[in-house]
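Asks: Whatever this is, show me its structure:
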Amino acid sequence: MDEPCHCLTCRLLAVLAEAPPAMPDDVLEALARPWASRSPRSRTPAPRASPPSSCGPATANARKSATRADCTNLGDTMSNRRSFKESPVREDGKTVFRYQLTCGECGHVGSLSRQNFGPERASDLVPRKFEQLGWRVGRAHDGHSDRCPTCRGKAEPAGKPQLRVVDPKTEETLPAQPAARGEPPREMGRDDRRLIFAKLNDVYVDEVAGYAMGWTDGRVATDLGVPCAWVTAIRAEMFGPGVSAEMTQFLGEAKALRAELDQLRPAAEAMAGKVEALEQRLAAIEGTAHRIQTELAGAA
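Replies: Numbers count the residues shown, from 1 in each chain. Below you'll find the predicted structure:
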């Protein structure tokens, strides 16, 4: 029996004969076209040269095993490669053909722009183009594992923060910062005293009335932009109590109401005693009337 030929053409034909149906027809035709164009005579394999005399049977067997392994690897590689075909789409009112992927999670369809490569290079270039657009191209022929950029971002977890081990011996220790000291309180100067005195002289009436309507120590301090304690000290030392016209008016009204209440209190207390006596007499009369009514009802 003649040994099978191991030339490149015969090896490709053997792989194509065992290739799965999923391989595109145009790829099969492109690979089989050179062999089909030959005449029957040219298909006869040329006799192989015998190995050199220096090569023993072990070397020849090793070469045959390596050739068979190469054919097997080539067949497995071609059968596992995913194929891509252009699909018709509508662009600007025209039907054009574009390579497309459908997300296996949300169903989003992505398309490539016009490509100049042919179907022979689609298996290599189409996944690369889509991955540049953020897609994840799976190996499944049905596209079930393809993911659009949005679904891919949801599925892939965010990177974990990198933790660094700090050596307490080599890590530079910053010196402890002293506690910030509060600024010393502002001292009242001669100009401040003169300014406060002039303002109090305008808004303070006298020791009896105190401040004019609407003025207080706090308002004077806010108006001059100085601490309220300064205003209180100057006012108590040079003017008088910290009262105002409104406070004096309120205190006067409260004093008058207190006097009127004191005048009415004795009469109100006497009237309360009379009311209590009248309530007792009324209760006695109502009790007698109820007793008489009961006796009359029993006699009848």
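
Asks: From now on I want contacts and neighbour counts done on CA atoms only, so please keep to that.
Replies: Will do.

Asks: so what secondary structure elements neighbour the helix or strand encompassing T294?
Replies: Using DSSP states H and E, the element containing T294 is helix 245-299. Contact analysis of helix 245-299 by 3 or more CA pairs under 8 Å, 6 or more residues apart in numbering; DSSP states H and E lists strand 210-211 as its packing neighbours.

Asks: hmm, who's touching the strand it packs on?
Replies: With CA atoms under 8 Å, 6 or more residues apart in numbering as the test, strand 210-211 has contacts from V203, Y204, V205, G240, P241, G242, V243, S244, A245, T248.

Asks: Looks to me like the fourth one is in a helix.
Replies: No - applying DSSP: H, G, I helix; E, B strand; the rest coil, one finds G240 to be coil, outside a helix.

Asks: what about the residue lying closest to it once chain neighbours are set aside, how many neighbours?
Replies: Closest residue to G240 apart from its sequence neighbours, by CA to CA, 6 or more residues apart in numbering: E207 at 4.9 Å. Applying other CA atoms under 10 Å, we find 13 residues neighbouring E207.

Asks: and E207, what does it touch?
Replies: F239, G240, P241.

Asks: I'd say the second one and N201 touch.
Replies: No - G240 sits out of contact with N201 when judged by CA atoms under 8 Å, with a separation of 11.4 Å.

Asks: any idea where the strands of the chain begin and end?
Replies: Applying DSSP state E to the chain gives strands spanning 86-91, 94-102, 109-111, 204-206, 210-211.

Asks: Pick the most deeply packed of those strands.
Replies: Ranked by mean neighbour count under mean count of other CA atoms under 10 Å, those are led by strand 210-211, which reaches a mean of 25.

Asks: Looking at the contacts of E207, which one is closest to C7?
Replies: C7 has its nearest neighbour among the contacts of E207 in P241, at 121.0 Å by CA to CA.

Asks: In the stretch 151-300 of the chain, where is pLDDT below threshold?
Replies: For the stretch 151-300 of the chain, the stretches flagged by pLDDT under 70 are 156-183, 300.

Asks: Closest one to E253 out of the contacts of E207, please.
Replies: Nearest to E253 among the contacts of E207 is P241, at 19.3 Å by CA to CA.

Asks: For the closest one, the count of nearby residues, please.
Replies: P241 has 17 neighbouring residues, counting by other CA under 10 Å.

Asks: Domain-wise, how is the protein divided?
Replies: Domain assignment of the chain by automatic domain parsing yields the ranges 1-37+58-81, 86-155, 210-243, 258-300.

Asks: End to end on the third one, go ahead and measure it.
Replies: Taking CA to CA, to the nearest Å, the first and last residues of domain 210-243 lie 5 Å apart.

Asks: which parts of that domain are buried?
Replies: Going by neighbour count (16 or more other CA atoms under 10 Å), the buried part of domain 210-243 is 210-212, 215-217, 220-221, 226-228, 230-232, 234-235, 239-243.

Asks: buried set for stretch 111-125?
Replies: P119, A122, L125.

Asks: Which residues does stretch 118-136 contact?
Replies: Outside stretch 118-136, the residues that touch it by CA under 8 Å, 6+ apart are 26-27, 81-85, 99, 112, 137, 146-149, 152.

Asks: Could you give me the ChimeraX selection string for whichever of those are buried?
Replies: Per 16+ other CA under 10 Å, the buried members of the contacts of stretch 118-136 correspond to this ChimeraX selection:
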select :82,83,84,99,137,146,147,148,149,152
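
Asks: Find the pair from the contacts of stretch 118-136 with maximum spatial separation.
Replies: Across the contacts of stretch 118-136, the longest distance by CA to CA is 32.2 Å; it joins D26 and R152.

Asks: Distance to R193 for the domains of the chain - can I get that in TSV?
Replies: Below are the domains of the chain laid out as TSV (distance: least, CA to CA, whole Å):
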stretch	distance to R193
domain 1-37+58-81	95
domain 86-155	70
domain 210-243	7
domain 258-300	41
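
Asks: Of the ones you listed, give the one that comes closest to R194.
Replies: Ranking the domains of the chain by proximity to R194 (CA to CA) places domain 210-243 first, at 9.8 Å.

Asks: Where is pLDDT lowest across the contacts of stretch 118-136?
Replies: Ranked by pLDDT, those bottom out at V27, which has 56.

Asks: show me where this structure has helices.
Replies: 8-17, 25-36, 57-80, 122-132, 149-155, 190-203, 217-224, 228-238, 245-299 (DSSP state H).

Asks: closest one to V89 among these?
Replies: helix 122-132 (16.9 Å).

Asks: Output stretch 141-159 as CSV, restricted to C-alpha atoms.
Replies: Taking Å, rounded to 0.1, in the frame of the first residue of the first chain, the C-alpha atoms of stretch 141-159 are listed here in CSV:
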residue,chain,number,x,y,z
HIS,A,141,-19.5,30.6,17.5
ASP,A,142,-23.0,31.6,18.5
GLY,A,143,-21.8,34.9,20.1
HIS,A,144,-23.5,34.1,23.4
SER,A,145,-20.4,35.3,25.3
ASP,A,146,-20.0,38.6,23.5
ARG,A,147,-20.5,41.6,25.7
CYS,A,148,-20.9,45.3,24.8
PRO,A,149,-18.8,47.9,26.6
THR,A,150,-21.7,48.7,29.0
CYS,A,151,-22.3,45.1,30.1
ARG,A,152,-18.6,44.4,30.1
GLY,A,153,-18.1,47.3,32.6
LYS,A,154,-20.9,45.9,34.9
ALA,A,155,-19.5,42.4,34.8
GLU,A,156,-15.9,43.2,35.5
PRO,A,157,-15.2,44.3,39.1
ALA,A,158,-13.3,47.5,39.8
GLY,A,159,-9.7,47.2,40.6
